[in-house]
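**Student:** fold the following and give me the result.
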Amino acid sequence: MLDVRRLHLLRELDRRGTIAAVAEALAFTASAVSQQLGVLEREAGVPLLERSGRRVVLTPAGRTLVTHADAVLERLELAVSELAGAREGIGGPLRIGTFPSGGPAIVPATLAELAQRHPALEPMVQEIDSARVSDGLRAGELDVALVHDYDFVPASPDTTIDQVPLLEEPMYLATGGAPAVTGLVTRGETLAELLGPWATSPWITARDGTTGHAMAVRACQAAGFQPRIRHQVNDFRTVLALAAIGQGAGFVPEMATAHAPEDVVLTRLPLFRRSKVAFRAGGSTHPAIAAFVTAARTAVGATAAPPY
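**Tutor:** Numbering: from 1, shown residues only. Got it, this is the predicted structure:
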């Protein structure tokens, strides 16, 4: 009989790439992970791993087993959800991940809605980049998370995670300007027309390795130039403040423009950011997760554009 916990380790090795990364994510030692995977190979009766230089990679049989592990773990998540539904009331801890700009714009209103409807629920929020959410959910560090993707940076397919849509919002170019031209302006229709005037200017992007950074670089490349990045900050308020004093051009989503400085110029772009609620596959019927989705959609409907 194959052990479910060892199947989980094999799946994490497939996703994370190294035994050391699996050990760090799941609070094991590397030797313990190796030993458990060795036991799983003996249970399976066929080689699941092979050496490739200093690393191990999955054999064809190992990759096949990961596919079955995904299905098994999804069914277990569904079972947990159904058992939770059989209990009376919704309560206990709910670990919530959020991207930074979702904190002030979405999370407080969502938690207020949850507190009113389900006072026994104990939400616990932590900021996390969307690129790390899948790992956090699979490792059990998170139960649910707000995530987003952009045009030019679509979310990578991941059969271990389910998502439901929450909000679609346009992106804006933030630049400095004289008071006579501050506020919301339009300077063309195509990316080349809108971004081209700042092709040689310094740029403000999110930190390297984030989806926001990748979006900024790819949008500029689509407009015909490579951005000369001067500042890397993840906080959109800082992007707006730096742009307002002429420190560069940057991208911000619509929800970040509500409190833009007076001296910033905002140009709407034909680009969009899509926010979603993510959770482990099989978890959509879990009462706490369903309650969070309902509360988030209510909060978005009250504070921003409607879900797409």
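**Student:** okay, CA-based contacts and neighbour counts for the rest of this
**Tutor:** Will do.
**Student:** quick one: average pLDDT of the biggest helix by length in the chain?
**Tutor:** Using DSSP state H to assign secondary structure, the helix with the most residues in the chain is helix 60-86. Helix 60-86 shows a mean pLDDT of 87 in the predicted model.
**Student:** that one packs against which elements?
**Tutor:** Using 3 or more CA pairs under 8 Å, 6 or more residues apart in numbering; DSSP states H and E, the elements in contact with helix 60-86 are helix 4-16, helix 287-303.
**Student:** so how far is the first one from its chain's centroid?
**Tutor:** In terms of CA atoms, centre = their mean, to the nearest Å, the centre of helix 4-16 is found 21 Å from the chain centre.
**Student:** residues touching it, excluding its own?
**Tutor:** 19, 21-22, 33, 36-37, 40, 57-58, 62-63, 65-66, 69-70, 73 (CA atoms under 8 Å, 6 or more residues apart in numbering).
**Student:** and those residues, which is closest to Phe272?
**Tutor:** Asp70 (31.2 Å; CA to CA).
**Student:** surely that closest one touches Thr160?
**Tutor:** Yes - assessed by CA atoms under 8 Å, Asp70 is found in contact with Thr160 at 6.3 Å.
**Student:** circling back: quick one, the longest helix of the chain and helix 4-16 angle?
**Tutor:** Relative orientation of helix 60-86 versus helix 4-16 (axes from the mean of the first three to the mean of the last three CA atoms, to 10 degrees): 120 degrees.
**Student:** next, the angle from helix 60-86 to helix 287-303.
**Tutor:** Using the same axes, to 10 degrees: helix 60-86 against helix 287-303 is 80 degrees.
**Student:** tell me the helix or strand right after helix 60-86.
**Tutor:** strand 92-98 (DSSP states H and E).
**Student:** that next one: what's the following helix or strand?
**Tutor:** helix 102-105.
**Student:** for whichever helix or strand comes after that following helix, packing partners?
**Tutor:** Downstream of helix 102-105, the next assigned helix or strand under DSSP H and E is helix 107-117. On a contact count with 3+ CA pairs under 8 Å, 6+ apart, helix 107-117 meets strand 121-127, helix 287-303.
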